[in-house]
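Colleague: coords please:
(2 chains)
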Amino acid sequence: MADLTLTPNIPGGDDFYADLLAAHERLSKEESDAFNARLILILANHIGDREALSQALDAAKATD
Amino acid sequence: MNAIFETPLYPYTRHADQDAETPVRRKVVIVGAGPVGLAMALDLAQQGIEAVILDDNDKVSFGSRAICFAKRPLEILDRLGAGKPMVDKGVVWNLGKVFFDERKVYDFNLLPEEGHQFPAFINLQQYYFEQFLVDRLREIEAEGAPVELRGGSRVSSVEDKGDHVSLTVETPEGPYPLEADWLIACDGAGSPVRSMMGLDFVGRVFEDNFLIADVVMEADFPTERWFWFDPPFNRGQSALLHKQPDGVWRIDLQLGWDIDKEEEKKPENVIPRLKAMLGDDVDFELEWVSIYTFQCRRMEEFRHGRVLFAGDSAHQVSPFGARGANSGLQDVDNLGWKLKLVIDGTAPESFLDTYDVERVQGADENILNSSRSTDFITPKSETSRIFRDAVLDLSEHYEFARPLVNSGRLSVPCVHDGSPLNGVDALPGGPARTRPGAPCPDAPVGNGYLLAKLGGRFTVLTYEADAPDTFTAGPITAHRVALTAEDDTTGAIRERFVGTGGSAVYLIRPDQHVVARWDAFDPSAVADALKRASGQEV
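Modeller: Next comes the predicted model:
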């Protein structure tokens, strides 16, 4: 089981971030929420590793 | 209305016990002649244990009620001699469609695993199910099995006296006292026995109502299961359509908790909903409508001294996944042989606590699965609904999302990992699905099937391994079922029981769960495992 990657891992990170925001442009709050849910499910399926997914859930919880 | 509902199958008749000077003591008294009580009596009586069923009614269940019976319960019923007529009468289906809002999102074929004598499940009305069990009971009764079914007999008091249970039975001719060495309460979710004993039924998770309609279709409708999430004709709820024998279709409409039951049941309210489901051009006739309420909960313990609880009296789940009657039949399977060992004096009374341990595990698994289905079908928060809708939207376009769609996870038997009855797993490379605690999967053997060969006693199953034909530890004898590579006509035995090695030896319980496994027969190891699994001192 792979450890969750928490160091920079996306080449061209700024471009990805801009793409993410662009995808939400002109969406209502409701549409954005639905989009995010679909995106999470697609990415989670791609990762597929239950251990990495559990670590991701924990990492997202720790906001302080 | 089907005449089967109306015919008394076991009408009240006066019994000699009613005229006895002192209360008569019976070995086992079973309260309730539903699917679980009837199967329990069949299991015990076929082992030679006197079983008396008391039921306040005298007919089969009114309406279709439980209609989906899964593979493992069918295998159990086959061991009891009642499985095959059910499969012959029942409807087998593999195709389904899933609808979300106004559109179909995908269809599926269940493609069940091959090499099993019984199908993954059948649809069969509960009244037929009960009828077949009563038929079988009459058959073994005629052969001299010690079983009795007393209709019109309502239990009005229960007292555990330590070494027996004392009862009062109300009949149309007045009450009489009766005693039992053991009492099994199979009297349903509202169990009067449980109430009389002042026992609680805890763990309520949610409450819901279902409108259940049996519809006779005149058009040629396909044998498929259709499930709707949030359809226009039942907003915010679910709907289900599937087929029963005799051209009857079962429709379940989820209604939520806060409804007017009498209003909802009226044909003028039901028919427009059904038309919206089926389309205006489909002709149908409404045969039976009922509103069904469920909760998810279980008793803290299923054994209370000499009183044992089985089926809905012990645990109740949502209908998603058909885990009600199916799990009750697994309670029967687990309890029957254990009670036999205790009644014979082979195992101590405390051996019955393993019934509690293993079936509480089963009940918790069922409650977990049916709760997850219910949460998917009726999301409890806005975020939960957003994810649910995302799964359904994605399922229309991407295969990956379809396994996440949860309209019920079909009842599968519990693997008793960690059970005190389990022995060692000493089969290197053995398949995980047949580890100690697991129920044996069926497999073709020569011209027949494995489970039919195992039957209902302790078995030493060998594959390409030597062992004696019978093996005794204390008062218990296990019988060998010897298989060779030649018997394994499809390779299923190797895949399901052997794994990567060349041989295997399994010790199997009377309920066909695995006790322990090895790669070769070692008498002292098998003796230890057999003693442990039969409640003897190790």
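Colleague: Looking at the chain, which helix is longest?
Modeller: You didn't say which chain, so I picked chain A. Criterion DSSP state H: the longest helix present in chain A is helix A:29-47.
Colleague: ah, no, chain B please
Modeller: Under DSSP H, the helix in chain B containing the largest number of residues is helix B:353-377.
Colleague: can you give me the offset of it from its chain's centre?
Modeller: In terms of Cα atoms, centre = their mean, to the nearest Å, the centre of helix B:353-377 is set 12 Å apart from its chain centre.
Colleague: Could you do stretch B:263-274 as well?
Modeller: Here stretch B:263-274 shows a centroid-to-chain-centroid distance of 32 Å under the convention Cα atoms, centre = their mean.
Colleague: helices and strands around the longest helix of chain B, which ones?
Modeller: strand B:297-298, strand B:303-304, strand B:315-316, helix B:325-343, helix B:382-397 (3 or more Cβ pairs under 8 Å, 6 or more residues apart in numbering or on different chains; DSSP states H and E). Every residue, glycine included, has its C-beta placed from N, CA and C.
Colleague: Show me what residue of chain A gets nearest to chain B.
Modeller: Taking Cβ to the nearest Cβ as the measure, chain A has A:Ala37 as its residue closest to chain B, at 3.5 Å.
Colleague: of all the residues in chain B, which ones are close to chain A?
Modeller: Within chain B, the positions lying close to chain A (Cβ under 8 Å from any Cβ of the partner chain) are B:Ile386, B:Phe387, B:Asp389, B:Ala390, B:Val391, B:Asp393, B:Leu394, B:Tyr398, B:Phe400, B:Ala401, B:Leu404.
Colleague: Quick check, pLDDT for the second one.
Modeller: We note a pLDDT of 98 for B:Phe387 in this prediction.
Colleague: tell me the contacts of the nearest residue to it once chain neighbours are set aside?
Modeller: Spatially, and ignoring its direct neighbours in sequence, B:Phe387 is nearest to A:Ala37 (4.9 Å; Cβ to Cβ, 6 or more residues apart in numbering or on different chains). Contacts for A:Ala37 were tallied using Cβ atoms under 8 Å, 6 or more residues apart in numbering or on different chains; they are B:Ile386, B:Phe387, B:Asp389, B:Ala390.
Colleague: Give the buried subset of the residues of chain B next to chain A as a ChimeraX selection command.
Modeller: Per 16 or more other Cβ atoms under 10 Å in any protein chain shown, the buried members of these correspond to this ChimeraX selection:
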select /B:386,387,389,390,391,393,394,401,404
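Colleague: need the contact list for the spatially most central residue of chain A.
Modeller: The centre of chain A sits closest to A:Ile40, judged by Cα atoms, centre = their mean, with a distance of 5.7 Å. Residues in contact with A:Ile40 (Cβ under 8 Å, 6+ apart) are B:Phe387, B:Ala390.
Colleague: How many neighbouring residues does residue 56 have?
Modeller: Going with chain A. 18 (other Cβ atoms under 10 Å in any protein chain shown).
Colleague: that's the other chain; I wanted chain B
Modeller: Considering only other Cβ under 10 Å, B:Asp56 is surrounded by 19 other residues.
Colleague: Quickly list what the closest residue to it other than its chain neighbours is bridged to.
Modeller: Distances taken as Cβ to Cβ, 6+ apart put B:Arg154 closest to B:Asp56, at 3.7 Å, once the chain neighbours are dropped. Note on B:Arg154: beta-bridge partners by DSSP bridges are B:Glu170.
Colleague: Quick check: the nearest residue to B:Pro73 once chain neighbours are set aside vs B:Leu80, distance?
Modeller: Of all residues not flanking B:Pro73 in the chain, B:Leu329 sits nearest, at 4.0 Å (Cβ to Cβ, 6+ apart). B:Leu329 is 9 Å from B:Leu80, where distance means Cβ to Cβ, to the nearest Å.
Colleague: B:Gly174 now?
Modeller: Taken as Cβ to Cβ, the span from B:Gly174 to B:Leu80 is 34 Å.
Colleague: neighbour-wise, which of those two wins?
Modeller: The neighbour comparison of B:Gly174 against B:Leu80 (other Cβ under 10 Å) goes to B:Leu80, with 24 against 8.
Colleague: Ramachandran angles for residue 5?
Modeller: No chain was given, so I picked chain A. In terms of degrees, to the nearest 10, the main-chain angles of A:Thr5 are phi -80, psi 120.
Colleague: Wait, chain B was what I had in mind.
Modeller: According to degrees, to the nearest 10, B:Phe5 has phi -70, psi -30.
Colleague: go on, B:Gly34?
Modeller: Dihedral angles (degrees, to the nearest 10) for B:Gly34: phi -90, psi -170.
Colleague: residue contacts, it?
Modeller: Here B:Gly34 is in contact with B:Ser61, B:Glu130, B:Cys186, B:Gly188, B:Gly311 (Cβ under 8 Å, 6+ apart).
Colleague: Send me the longest helix of chain A as CSV with only the CA atoms.
Modeller: C-alpha atoms of helix A:29-47 as CSV (Å, rounded to 0.1, in the frame of the first residue of the first chain):
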residue,chain,number,x,y,z
LYS,A,29,-23.4,26.8,-5.8
GLU,A,30,-25.6,23.7,-6.3
GLU,A,31,-23.9,22.8,-9.6
SER,A,32,-20.5,23.4,-8.1
ASP,A,33,-21.3,21.0,-5.2
ALA,A,34,-22.4,18.4,-7.6
PHE,A,35,-19.3,18.9,-9.8
ASN,A,36,-17.0,18.5,-6.8
ALA,A,37,-18.8,15.3,-5.7
ARG,A,38,-18.4,13.8,-9.1
LEU,A,39,-14.7,14.9,-9.3
ILE,A,40,-14.0,13.4,-5.8
LEU,A,41,-15.5,10.1,-6.9
ILE,A,42,-13.6,10.0,-10.2
LEU,A,43,-10.3,10.8,-8.5
ALA,A,44,-10.9,8.3,-5.6
ASN,A,45,-11.6,5.5,-8.1
HIS,A,46,-8.4,6.4,-10.0
ILE,A,47,-6.4,6.2,-6.7
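Colleague: okay, the angle between it and helix B:382-397?
Modeller: Angle, helix A:29-47 to helix B:382-397, by axes from the mean of the first three to the mean of the last three Cα atoms, to 10 degrees: 60 degrees.
Colleague: After helix A:29-47, which helix or strand is next?
Modeller: As assigned by DSSP states H and E, the chain's next helix or strand after helix A:29-47 is helix A:50-61.
Colleague: and that next one, what other elements does it pack with?
Modeller: Judged by 3+ Cβ pairs under 8 Å, 6+ apart, helix A:50-61 is in contact with helix A:29-47.
Colleague: per-residue pLDDT, the closest residue to chain A within the stretch 251-400 of chain B?
Modeller: Using Cβ to the nearest Cβ, the closest approach of the stretch 251-400 of chain B to chain A is made by B:Ala390 at 3.5 Å. Among the per-residue scores, B:Ala390 holds a pLDDT of 98.
Colleague: Where does the prediction get shaky in chain B?
Modeller: Within chain B, the ranges that satisfy pLDDT under 70 run B:1-3, B:203-206, B:219, B:538.
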